[in-house]
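Trainee: predicted structure and sequence below. I'll ask about it afterward.
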Amino acid sequence: MKVEDVKKICVMGAGLMGNGIVQVCAQAGFEVAMRDIENRFVKNGLNNIKKNLSRGVEKGKMTQEQMDDILSRIHGTTDLKEAVKDADVVIEAIIENRDLKRKVFAELDEICKPECVFASNTSSISITDMAAATKRSEKFIGMHFFNPVPVMRLVEIIKGYETSEETYQFIDELSKKLGKETVLVNEAPGFAVNRLLLPFLLEAIFALQEGVTTVEDMDKAITLGLNHPMGPFTLLDFVGMDTALFIADYMYGEFQDSKYRAPILLRKMVRAGHFGRKTGIGFYDYSKKPPEPRSF
């Protein structure tokens with residue numbers, strides 16, 4: 001399949017990553033179905049896209065007509081068969097749960113047309129393992145976007161054990177059509193970015209847990225000292241503590257290396273439901289304007 005032959009893309013999941021992927025696909029001129037399990041999730045996803053595009057109009061980056069044109073290419077639904085009907089590509093962006101992802105892909109495999117390419121936006125889970133739940137391992141690939149999707153330019157493309165070169169070339173071309181830069185990664189736990197990023201984030205939590213410094217001062221130290229656009233705790237609040245813990249546990253299980261061991265503070269925050277921005281409280285309290293760093 002060639003990118004110019006793609007008429008429809010289906011994105012599974014209307015959350016933060018899912019609606020961001022939908023937006024960039026629609027902006028690139030593709031018809032996009034955004035599917036989630038409940039109408040409220042679909043509506044939230046559509047509202048988030050509208051807010052993002054409205055900011056673009058306010059800043060003069062696009063006209064109202066262009067915004068309306070983009071929105072006209074997006075169809076939100078809870079009906080799985082409707083979402084994937086005639087889809088040329090399915091991009092999965094549901095929660096980081098290996099068993100759930102495998103179940104979804106097995107179901108998709110039965111109802112999608114044979115030539116449809118499957119891509120997962122997973123940040124850590126084995127592409128080979130998920131592909132094994134289908135009968136199209138050669139058409140299965142990792143397509144790891146970064147948050148916020150409309151802004152971040154990178155897509156990690158991850159080849160599974162049986163991913164064909166044709167599928168890789170197709171997804172590489174599609175990613176560039178979406179305005180992204182790409183890097184190729186042969187499957188390994190955490191791929192490229194998270195393999196390096198996760199120990200950095202976990203060590204920041206250990207330092208906080210040990211009383212080495214505060215949330216505010218660690219973020220300040222990293223932004224000013226290393227010239228990062230945001231500090232580790234701000235980034236963790238974006239990523240979500242639940243996601244960070246899942247990735248840490250997964251990578252520790254794969255590598256059996258202590259540098260991927262999750263701090264007890266991270267586990268406590270997840271148990272308390274303090275996931276970061278999506279719950280309103282994490283290392284910062286988002287009920288305050290501006291958000292205030294919390295004490296630990």
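Mentor: Arrived safely. A quick note: this is a predicted structure, and the numbers were derived from the prediction, not measured.
Trainee: which of the residues in stretch 255-263 are buried?
Mentor: 260, 262-263 (16 or more other C-beta atoms under 10 Å). Any C-beta I mention is one placed from the backbone N, CA and C, and that applies to glycine too.
Trainee: apologies, that question was intended for stretch 4-16.
Mentor: Buried residues in stretch 4-16, defined by neighbour count with 16+ other C-beta under 10 Å: 6, 8-16.
Trainee: could I get the residues you listed as a markdown table with distance to residue 30 and secondary structure?
Mentor: Below are those laid out as a markdown table (distance: C-beta to C-beta, whole Å; DSSP: H, G, I helix; E, B strand; the rest coil):
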| residue | distance to residue 30 | secondary structure |
| --- | --- | --- |
| 6 | 6 | coil |
| 8 | 7 | strand |
| 9 | 5 | strand |
| 10 | 10 | strand |
| 11 | 10 | strand |
| 12 | 15 | strand |
| 13 | 17 | coil |
| 14 | 17 | coil |
| 15 | 20 | coil |
| 16 | 20 | helix |
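Trainee: farthest-apart pair in those residues, please.
Mentor: 6 and 16 (24.2 Å; C-beta to C-beta).
Trainee: doesn't residue 83 make contact with residue 111?
Mentor: No: if you go by C-beta atoms under 8 Å, residue 111 and residue 83 don't touch, sitting 9.7 Å apart.
Trainee: more neighbours: which of those two?
Mentor: The neighbour comparison of residue 111 against residue 83 (other C-beta atoms under 10 Å) goes to residue 83, with 23 against 13.
Trainee: show me the contacts for that one.
Mentor: 10, 12, 33-35, 77 (C-beta atoms under 8 Å, 6 or more residues apart in numbering).
Trainee: now it. Nearest residue, chain neighbours left out?
Mentor: Of all residues beyond its chain neighbours, the one nearest residue 83 is residue 35 (3.7 Å), with distances taken as C-beta to C-beta, 6 or more residues apart in numbering.
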